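Trainee: sequence and predicted model, in that order:
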Amino acid sequence: MWLPQLHLMRVISAKSQGYSIATDISGPMTVNGPERGSLMVQCVYNSGWETYLKWWCRGATWYSCKILVKTTGSEQEVKRDRVSIKDNQKNHTFTVTMEDLMQTDADTYWCGIERTGTDLGVTVQVIIDPAPVTPEETSNSPTLTGHHLDKSGWDVPRAGTAAPGGRPLLCRPDPAADQNLPTKGYHEALLLCPG
């Protein structure tokens, strides 16, 4: 497979429709997916390309992008790591699915068709939306609501808050905030905790 430089490729952006078009293939200009979730990209091609190999490539530069997954010329789904591709030759579409999305998956990708000479391809910008913090993630984190200084100057959290491994969580008040804190008794402060 030979991938030409971008300026050798006739690419027309149909921004009003949200699609990139390169002669006989088109696809969405951008696709969003949730972090830890999945996304699907559907690319459309003209009649005559049914049995050609379709591919999904990562990288902003056409001639050096890395092909992540490629069809076999049939309608059989091909999966590699977290990415799969499936060609629907009757409908002239192929669908790429990316799973277990991470922020590092955000990049420029290409929908492409392998052919003798110059391959066909269009860019797709993949954007990963940050995952919301779940209640399970916040419930496992220690929360300090009330605490007091012991005689050694260490802050001892109340309500049985423990560090990982079940050890008591001992913290010192932040020295930068210390000037405004009472010297003993209950207080709210920025704490420096070991570990």
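Mentor: Nice, thanks for sending it over.

Trainee: drop to CA atoms for contacts and neighbour counts, all remaining ones
Mentor: Will do.

Trainee: could you find the closest non-adjacent residue to residue 50?
Mentor: Of all residues not flanking residue 50 in the chain, residue 89 sits nearest, at 5.0 Å (C-alpha to C-alpha, 6 or more residues apart in numbering).

Trainee: and the one you found, how far from residue 48?
Mentor: Applying C-alpha to C-alpha, to the nearest Å, the value for residue 89 to residue 48 is 10 Å.

Trainee: what do you get for residue 39?
Mentor: Applying C-alpha to C-alpha, the value for residue 39 to residue 48 is 27 Å.

Trainee: can you pull the contacts of residue 41?
Mentor: Counting by C-alpha atoms under 8 Å, 6 or more residues apart in numbering, residue 41 touches 27-28, 31, 95-97.

Trainee: 6 Å instead, please
Mentor: The neighbours of residue 41, taking C-alpha atoms under 6 Å, 6 or more residues apart in numbering as the test, are 95-96.

Trainee: SS state for it?
Mentor: strand (DSSP: H, G, I helix; E, B strand; the rest coil).

Trainee: count of neighbours near the residue nearest to residue 50?
Mentor: By other C-alpha atoms under 10 Å, 18 other residues sit near residue 89.

Trainee: now it: phi and psi?
Mentor: phi -70, psi -30 (degrees, to the nearest 10).

Trainee: neighbour-wise, which of residue 39 and residue 48 wins?
Mentor: residue 39 (19 against 10).

Trainee: my guess is the more buried one meets residue 100, correct?
Mentor: No - if you go by C-alpha atoms under 6 Å, residue 39 and residue 100 don't touch, sitting 9.2 Å apart.

Trainee: pLDDT score for residue 136?
Mentor: At residue 136, the pLDDT value in this model is 72.

Trainee: residue 63: neighbouring residues, count only.
Mentor: Residues lying near residue 63 (other C-alpha under 10 Å) number 12.

Trainee: doesn't it lie inside a helix?
Mentor: Yes - assessed by three-state DSSP, residue 63 belongs to a helix.

Trainee: pull up the gap between it and residue 29, please.
Mentor: Distance from residue 63 to residue 29, counting by C-alpha to C-alpha: 19 Å.

Trainee: same deal with residue 58?
Mentor: The value you get for residue 58 to residue 29, if C-alpha to C-alpha is used, is 14 Å.

Trainee: neighbours of the residue nearest to residue 80 when sequence neighbours are not counted, how many?
Mentor: Nearest residue to residue 80, sequence neighbours excluded (C-alpha to C-alpha, 6+ apart): residue 69, at 6.2 Å. For residue 69, the tally of surrounding residues (other C-alpha under 10 Å) stands at 21.

Trainee: residue 122 too?
Mentor: Close neighbours of residue 122, defined as other C-alpha under 10 Å, add up to 27.

Trainee: tell me the SS of it?
Mentor: Applying three-state DSSP: residue 122 is strand.

Trainee: thought it was touching residue 109?
Mentor: No - checked against C-alpha under 6 Å, the pair residue 122 and residue 109 is beyond contact range at 8.3 Å.
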